[in-house]
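Undergrad: generate coordinates for the sequence data below:
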Amino acid sequence: MRRLLPCLCLVLLCGGAALSQTPDYPKWDFTAAYTFNRLETPPPVTHRNLHGFTTAVGWNFRRWAAIEGDLTYTTKTVTGVRRSLFSYMVGPRFTKRYSNKAEPFVHALIGGGHLTGFGASTNGWTGKFGGGVDIVAGKHVAVRVFQIDYYRYHGHLPVILPKQRLDNLALTFGIRLF
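TA: The predicted structure is shown next:
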């Protein structure tokens, strides 16, 4: 019995250490990326290529699921008028983690936005629905090879403009730190 008690204590100590090990996925990640936004403008409807950045923070509460917060800003000067779209969104992200380091993901984000440069500044709601692929390049870094999103803005534009919904396409390339 005297020899069994130290062995039992050793097993309990090692069991606690095994439970305290980190999981095989990061708890948090941060993305910084370049964004190309193919913006549909208010009437007369045309498309403009806006350039900017996206930053995103993700909390991975499961190996395959996360809550993501996203800030995106894109802008362009057209005929002396600076046009820009800023959005802040949150939503779920689902990632498939393979052992070969490719991590495809999809996300559905919704939030608010601010549009300027079309006769008036306006606030509205935005949404990003899409996905992409990250390639793990090191212990704490991954390269966002591509991300493609349907990027919608629905605002309260001036009454003279009947179209309140702007349907856009956003392409994003960058890095993810975890």
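Undergrad: all helices of the protein, in order?
TA: 4-19 (DSSP state H).
Undergrad: show the low-confidence segments of it, by residue range.
TA: Applying pLDDT under 70 to the chain flags residues 1-23, 43, 157-163.
Undergrad: show me where it has strands.
TA: For the chain, the strands defined by DSSP state E cover 28-40, 47-60, 65-78, 81-95, 102-116, 122-136, 141-155, 165-177.
Undergrad: so can I have TSV of the ones you listed showing mean neighbour count?
TA: C-beta: built from backbone N, CA, C; applies to glycine. As requested, these are arranged in TSV below (neighbours: other C-beta atoms under 10 Å):
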stretch	mean neighbour count
strand 28-40	18
strand 47-60	17
strand 65-78	18
strand 81-95	17
strand 102-116	18
strand 122-136	18
strand 141-155	19
strand 165-177	18
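Undergrad: for the residue lying closest to F30 once chain neighbours are set aside, give the beta-bridge partners.
TA: Nearest residue to F30 in three dimensions, chain neighbours excluded: L177, at 4.8 Å (C-beta to C-beta, 6 or more residues apart in numbering). Applying DSSP bridges to L177 gives these bridge partners: F30, V141.
Undergrad: tell me how many other residues crowd P26.
TA: 17 (other C-beta atoms under 10 Å).
Undergrad: residue contacts, it?
TA: N60, H140, F178 (C-beta atoms under 8 Å, 6 or more residues apart in numbering).
Undergrad: ditto for A66
TA: D29, G58, W59, N60, P92, R93, F94, T95.
Undergrad: distance to D149 added to those residues, as TSV?
TA: Below are the contacts of A66 laid out as TSV (distance: C-beta to C-beta, whole Å):
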residue	distance to D149
D29	18
G58	15
W59	20
N60	20
P92	14
R93	12
F94	14
T95	15
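Undergrad: cool, thanks, talk later.
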